[in-house]
Structures are given as C-alpha cells and as structure tokens.
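K.L.:
coordinates only, sequence not included:
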C-alpha cells in the first residue's frame, strides 16, 4: 500500500513535491482548518445560546446543561455517521470529490444553526453539520496518505492537526470579535461557519484524484463494509475501534465540560458578565496553544519510538494531567497552565491521521479509517450525556476526574498496535 510519491526518488524538500501533491496538501489543510472552526463555534456559546432557546439567562439551570449535552451528543453521533457514510463514498467517488461534499455539508448546516428557535432545531442542525465534519477527517487523511511521502507522515499529521487547532483559534477570535458589537447575539457566530463553502469551488477545479485510488479502482469492485471484519482486517478493525471509542469518550468529556468547570471556578463566579464571557475563550485558547506544540511533540515522539509507544506514553500523560488538574483546587492561572499541559497531550490524536488509513486496503481505506475513528463518537456521545448527568449536581470536577481513568485502558490497548516493522504499519 505505497503512495505514488514512494515510487519515485525520495523527496526531501518542499520544492521536490509535485503541483498535485501541494494542492492536495493545501486542500486537506483547509478542510481541517474549517473543520476546527465549525467544530467549536457551538461549544463556545453552548450554555448561553441553549439558555436563550430555553428562555433563560441562567446557565446554571439544570435543564440548560441537560439539553446542551444532548445537542453535543447528537453532534458526536452525526460525526460518527458522517465518518462512515462519507468514508464509504470516498472509496466509491474518489477523495477529491468527496472532500468537496463533506465541506459543503458542514458549512451549510453550521450556517443554518443561526435560524434555530428551539433547542431541538439546533440539535438537528448540529447533527447534520457533523456528518460533513466526520466525513472530512477520513477523506482528507486518505488523500494525503496516498499522495505524500511516507517518511513525512508524522510531520504531516502534526501540520494537519495544527490546522484544526488554528481553526479553533479562529473560532475563538470570531466569537471575541462579535462580542465587541453592541446587541451581540450568540447565534451570530454560526454565520461564520458558512465561510468554508467558498473553498470547495477551488478544490473541485484544482485537486485531482489520487493515482493510487484510480489504479485500485481500475477493473475492481469496492469491497463491502463487512470486509473490515474479514480474517485479514478484523484484528486491526477491533483494536483501532476500541482505542478510538474509549479515548474519544474521555477527550470529548474534557473538551465539552471544561467550559462548565471553568465557569464555576471560585475566581470566576463573581465576575461581571463581560469578564465572565472571556474566561471560556481564554481557557480554550490555552488548550489550543498547548495542542499546537503537542502536535509536533507527538510527531517527534512517533518518529523516534514508533506509533505504539507514542500512543501509550501520551494517553498515560493525558490521564495523569487530568488527575492532577481535577483532584485539587487550583488558582485560575494555574488551571490555565494545566489546561495548556493537557492540550499538549492532545497531540496524540494528530497521529491517528497518518497511522490509521494505511492500515486498510486502498478501496477500504476511507471506509476503514472513517468507521474506526468516527464510530468512537457514538461512545463519546453517550459519555457526554452520562457526564452531563454528573453535571446535573454541578460537580464538574468530579465528572472530569473520573473521565480521566478511561485513558488507562486506552494506553494498555495501544501496546498491541502494530510496530514499524509490521507489514500493516506504514514506515516513516
């Protein structure tokens, strides 16, 4: 399962990449950037906007947390469904064409969230937007794994994951900018989510399908999804599925409920409305800054000790840092620093980008990567609601502390991932 780049002389410099490779890289990067933008527009205004839809300004009300978690759960379920659906479509239609469809999907339905007038309207729009976000991951990852040099993969993974982080930072800036206007309404942020639709015109015209996909498609039939559980693939499928499901449950519990935790911090509770609105943005900013560094840290770790040990080390560190953060009362500034440290460990998810697609045959590549990575969102959705029940009593500290334990079985399972010398794992 070699990429078209590996059939040629080793590529050691950006200038040696072909025009098609550069365009594919830019398309995938932009897709992931806007992925991050549309992904977190909701989480930044969730409590306030859901409260408005329920007719209250009191974000501490039990029903606000309850419905906000249900909406986020629906989003994660949509992410899983979209990963499977568009992943399958990517094996049939090709990577470039499917990438266009995924971006249009998440841009359109994020924008439509502006017109939600009931909490369940917002739930439906977030579910539909998530279809595209989930599909874009598998398609973009497969596009690059088939076009860029293998030995670049750890750094490609880091750069792609940084695109998501920068997209999230762009969402923070967008919300911060909009909050400066008088009469600001939280629903305005969803109109920003329409911007990604503009890049699809360029992708459709400029980004070709990969040679590897064309070669595999020539005279062959795309195998059924059931082939993921054939004797050849089932060990990989079950192992990766388990790792993704458990880790994403813990990760998304932190990413969603850290907002509730920070808003209930003793130093924040007594702040005025304007200052209080800035606190979740600041917390997420530090998480993303840590993650930007962590992406390259994870890439370097994988480069020198392999995917298996990089996963094991970073998942263990994620658990330890969450234990430290939520087992004691820290000042607000120390909490920001701990959030940045947790963000660093999140670089582990960038490794999935280049590690997972090559584990599957070419015509099952986006199907397999999309299914295994995104089906974990179903479990993450259940986890978000489950820990939302904990938040029912306002104890965000307790629910986040217990969620951290999920990273321990993930770290153990990572030990069984194929190593560099195994035929299933792409070499650097």
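P.N.:
Cool, the structure landed. Owing to the predicted nature of the structure, the values given are computational and were not obtained by experimental measurement.

K.L.:
Please compute how far stretch 125-139 lies from its chain's middle.
P.N.:
Distance of stretch 125-139 from its chain centroid, counting by CA atoms, centre = their mean, to the nearest Å, is 10 Å.

K.L.:
Let me fix that, I meant to ask about stretch 145-165.
P.N.:
The chain centre lies 15 Å from the centre of stretch 145-165; the measure is CA atoms, centre = their mean.

K.L.:
Repeat that for stretch 171-188.
P.N.:
Taking mean C-alpha positions (CA atoms, centre = their mean), stretch 171-188 and its chain are 23 Å apart.

K.L.:
Equivalent analysis for stretch 316-336, please.
P.N.:
Computed by CA atoms, centre = their mean, the chain-centroid distance of stretch 316-336 equals 22 Å.

K.L.:
What are the boundaries of the helices in the stretch 151-300 of the chain?
P.N.:
153-179, 189-192, 199-206, 211-217, 234-263, 266-269, 273-326 (DSSP state H, counting those that start in this stretch).

K.L.:
Nearest approach to residue 123 belongs to which of those helices?
P.N.:
Closest of the helices of the stretch 151-300 of the chain to residue 123 is helix 189-192, at 13.6 Å (criterion: CB to CB). Any C-beta I mention is one placed from the backbone N, CA and C, and that applies to glycine too.

K.L.:
Low-confidence stretches in this protein?
P.N.:
For the chain, the stretches with pLDDT under 70 are 1-13, 59-60, 273, 384-395, 418-428.

K.L.:
let's see 50
P.N.:
For the chain, residues meeting the criterion pLDDT under 50 lie at 1-7, 393, 420-428.

K.L.:
What is the neighbour count of residue 144?
P.N.:
26 (other CB atoms under 10 Å).

K.L.:
Could you pull up the contacting residues of it?
P.N.:
Contacts here follow CB atoms under 8 Å, 6 or more residues apart in numbering; on that basis residue 144 touches 24-25, 28, 156, 160, 353-354.

K.L.:
Try it again at 7 Å.
P.N.:
Taking CB atoms under 7 Å, 6 or more residues apart in numbering, we find residue 144 in contact with 24-25, 28, 156.

K.L.:
Show me how far the helix or strand encompassing it is from its chain's centre.
P.N.:
Element membership for residue 144, per DSSP states H and E: helix 119-145. In this view, helix 119-145 has its centroid 10 Å away from the chain centroid, taken as CA atoms, centre = their mean.

K.L.:
and it with helix 153-179, angle?
P.N.:
150 degrees (axes from the mean of the first three to the mean of the last three CA atoms, to 10 degrees).

K.L.:
how about helix 119-145: buried residues?
P.N.:
Neighbour-count burial for helix 119-145 flags 119, 122-145 (criterion: 16 or more other CB atoms under 10 Å).

K.L.:
Also stretch 204-212?
P.N.:
Across stretch 204-212, burial judged by 16+ other CB under 10 Å covers 207, 209-210, 212.

K.L.:
Now for residue 227, how many residues are close by?
P.N.:
Here the number of neighbours of residue 227 (other CB under 10 Å) works out to 18.

K.L.:
That one touches residue 234, doesn't it?
P.N.:
No - assessed by CB atoms under 7 Å, residue 227 is found out of contact with residue 234, at 9.4 Å.

K.L.:
Overlap of the contact sets of the two?
P.N.:
Common contacts of residue 227 and residue 234 (CB under 7 Å, 6+ apart): none found.

K.L.:
sec struct for residue 330, please.
P.N.:
Here residue 330 is recorded as coil under DSSP: H, G, I helix; E, B strand; the rest coil.

K.L.:
coming back round to it: which of the contacts of residue 144 has the most neighbours?
P.N.:
Each of the contacts of residue 144 was scored for neighbours by other CB under 10 Å, and residue 28 scores highest at 30 neighbours.

K.L.:
Next one: that one relative to residue 296, how far apart?
P.N.:
Applying CB to CB, to the nearest Å, the value for residue 28 to residue 296 is 18 Å.

K.L.:
re earlier: quick check: which of the helices of the stretch 151-300 of the chain is nearest to residue 67?
P.N.:
Using CB to CB, the helices of the stretch 151-300 of the chain put helix 234-263 closest to residue 67, at 13.2 Å.

K.L.:
Tell me the spacing between residue 19 and residue 146.
P.N.:
Computed as CB to CB, the residue 19 to residue 146 distance reads 16 Å.

K.L.:
okay, the two: which has more neighbours?
P.N.:
In terms of neighbours (other CB under 10 Å), residue 146 is the more surrounded of residue 19 and residue 146; the figures are 26 against 9.

K.L.:
Please look at that one and residue 216 and confirm they touch.
P.N.:
No - assessed by CB under 7 Å, residue 146 is found out of contact with residue 216, at 9.4 Å.

K.L.:
before we move on, the earlier item: possible to save the helices of the stretch 151-300 of the chain as TSV with distance to residue 332?
P.N.:
Shown next, in TSV, are the helices of the stretch 151-300 of the chain (distance: least, CB to CB, whole Å):
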stretch	distance to residue 332
helix 153-179	18
helix 189-192	24
helix 199-206	38
helix 211-217	50
helix 234-263	8
helix 266-269	4
helix 273-326	8
